[in-house]
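>>> from the sequence below, what's the structure:
(one chain, ligands or ions: 1)
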Amino acid sequence: MNITDLKTTLNSNDVGHEMCQLIAELYPICRSITGNGFRETLSIIKRHIPLKVHEVPSGTKVFDWTVPKEWNIKDAYVKNSRGERIIDFRNSNLHVVSYSVPVTAKASLAELKEHLFTLPERPHWIPYRTSYYSENWGFCLSHKKFLELRDEEYEVCIDSSLENGHLTYGEFYLEGKSKDEVLLSCHACHPSLCNDNLSGVALAAFLAKHLSPLSLRYSYRFIFIPGTIGSITWLCSNESQVHKIKHGLVVVCVGDPGQSTYKKSRRGDAEIDRAVTHVLQHSGQDYEIEDFFPYGYDERQYCSPGFNLPVGCLMRTPHGRYPEYHTSADNLDFVRPEYLADSFSKYLAVLNVLENNKKYLNTNPKCEPQLGKRGLYTAIGGQTGGKVNQLAMLWVLNLSDGQNTLLDIADRSGLPFDVIKRVADMLLEHDLLQECRETAKV
Ligand SMILES: [Zn+2]
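Numbering: from 1, shown residues only. A predicted model of the protein is given here:
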């Protein structure tokens, strides 16, 4: 079975629901860029795919960066003078600024306020804040609750640890016929946040799971890393191997109701850019295509000038452009199975283009071959879209001069890749086409 067979047989709605279940399972875990929450997340993903877990020691130099100390947290709270937990980590892990150093202190309201973060414009939501690279501590809470704080003495406790340990990441390599690779990268370092973080994790995990039994042209590498420091660490550890990456996508924000958005690779005209553009153009839905810009997710590192890998980012609503982003409202209600399923289908369609985007030679290039006598007009005449197939066949025959890939032909003809691929298979069966060797220069 290949990816085209999978695409036609798999019920993406079922996958959407399975992705939701995985997201719900991972949601309560307090993740950060290092620590046991990240490890626990990988161990749950391991139930679906045999991830290899890597541990990189704190203090390891990775290009201009250093792997930070490992952060873990057991509990955190702010108690009022009556001993009531008015901010409680047990209710939401977003209440604690990620990487907060351990604290046990008494504080006045004024002292406490210096360490509190709220969103006045969204008074019911808890913001998500981090302090990875400067040692500090803090609490996040709804602005509504903040306004209720009285002038009294508070007891502050953050039972965390920040010590030499490891940065953990997960990797799953799927060997295809070629050593050339497709990279799928997602960050898994955010705590209880669904669209930014867990939707990408779930999509990558289920894509890996469903690709595993297939016969594949490319090898696939899935990495589950902490944002920024994870991709920097991975690139630093794998620098001699990255030339194998021929295509890549950063998987993130794939479960919200917004339209699909594709951020191109820095190259802008890489095959992955063209493949995603084609799939979105033929999706029958609204979409957005954006040029590369050096801000966002791990594509910033993959597309840094020293690597310049063909890695884009296929998402729905980009980070920062939905109000729920980095707040407690990016929760289990915000990501929906139907949007996850739609994103999954689009990823599969893109990979289907990459897997099948080959060049062919017309074996009968002097004038058109007589299709009728080979039964090719009748073979397709009865099918719905017979006219489209006939036209597609003429396009494939005309442009299969060893220079054009099937995606080139699909784009030039304005026809969907799947139609072009289907008629190419038919012409191959009738010996009117032959595949160009991947390395052949025609
Ligand atoms: Zn984020």
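>>> centroid residue for this protein?
For the chain, residue 251 is the residue whose C-alpha lies nearest the centre (CA atoms, centre = their mean; 0.8 Å).
>>> didn't it look like it was pressed against residue 311?
No. With contacts defined as CB atoms under 8 Å, residue 251 does not count as touching residue 311, sitting 10.9 Å away. For glycine as for every other residue, the C-beta is placed from the backbone atoms N, C-alpha and C.
>>> contact partners for residue 232?
Taking CB atoms under 8 Å, 6 or more residues apart in numbering, we find residue 232 in contact with 62, 63, 65, 301.
>>> show the model's pLDDT score for the third one.
Spelled out, it's residue 65. Among the per-residue scores, residue 65 holds a pLDDT of 98.
>>> how close does the residue lying closest to it once chain neighbours are set aside sit to residue 120?
Once its chain neighbours are removed from consideration, residue 65 has its nearest residue in residue 232; the separation is 5.3 Å (CB to CB, 6 or more residues apart in numbering). Distance from residue 232 to residue 120, counting by CB to CB, to the nearest Å: 34 Å.
>>> and for residue 377, the neighbour number?
When counting by other CB atoms under 10 Å, one arrives at 15 neighbours for residue 377.
>>> who touches it in this structure?
Residue 377 sits in contact with 371, 390, where contact means CB under 8 Å, 6+ apart.
>>> what backbone torsions are found at the residue nearest to the centre of the chain?
The phi/psi pair for residue 251 (degrees, to the nearest 10) reads phi -100, psi 110.
>>> likewise for residue 13?
Dihedral angles of residue 13 (phi, psi; degrees, to the nearest 10) stand at phi -60, psi -40.
>>> near it, how many other residues are there?
By other CB under 10 Å, the residues close to residue 13 number 15.
>>> so it makes contact with residue 341?
Yes. With contact taken as CB under 8 Å, residue 13 and residue 341 are classed as touching, separated by 5.1 Å.
>>> sorry, back to before: which of the contacts of residue 232 fall in helices?
With helices taken from DSSP state H, the overlap with those comprises residue 301.
>>> of the contacts of residue 232, closest to residue 242?
Of all those, residue 301 has the smallest distance to residue 242: 10.9 Å, by CB to CB.
>>> name the helix or strand for the residue nearest to that closest one when sequence neighbours are not counted, please.
If the residues on either side of it in the chain are set aside, residue 301 comes closest to residue 231, at 4.1 Å by CB to CB, 6+ apart. In this assignment (DSSP states H and E), residue 231 forms part of helix 229-237.
>>> show me which positions of that helix end up buried.
Buried residues in helix 229-237, counting neighbours by 16 or more other CB atoms under 10 Å, are found at 229, 230, 231, 232, 233, 234, 235, 236.
>>> ditto for stretch 349-369
So stretch 349-369, judged by 16+ other CB under 10 Å, has buried residues 349-357, 359-362, 369.
>>> now swap in stretch 317-337 and tell me
Using 16+ other CB under 10 Å as the burial criterion, the residues of stretch 317-337 that qualify are 317-319, 322, 324-331, 334-337.
>>> among the residues you listed, name the ones in helices.
The subset of the buried residues of stretch 317-337 that ends up in helices is residue 337, with DSSP H as the criterion.
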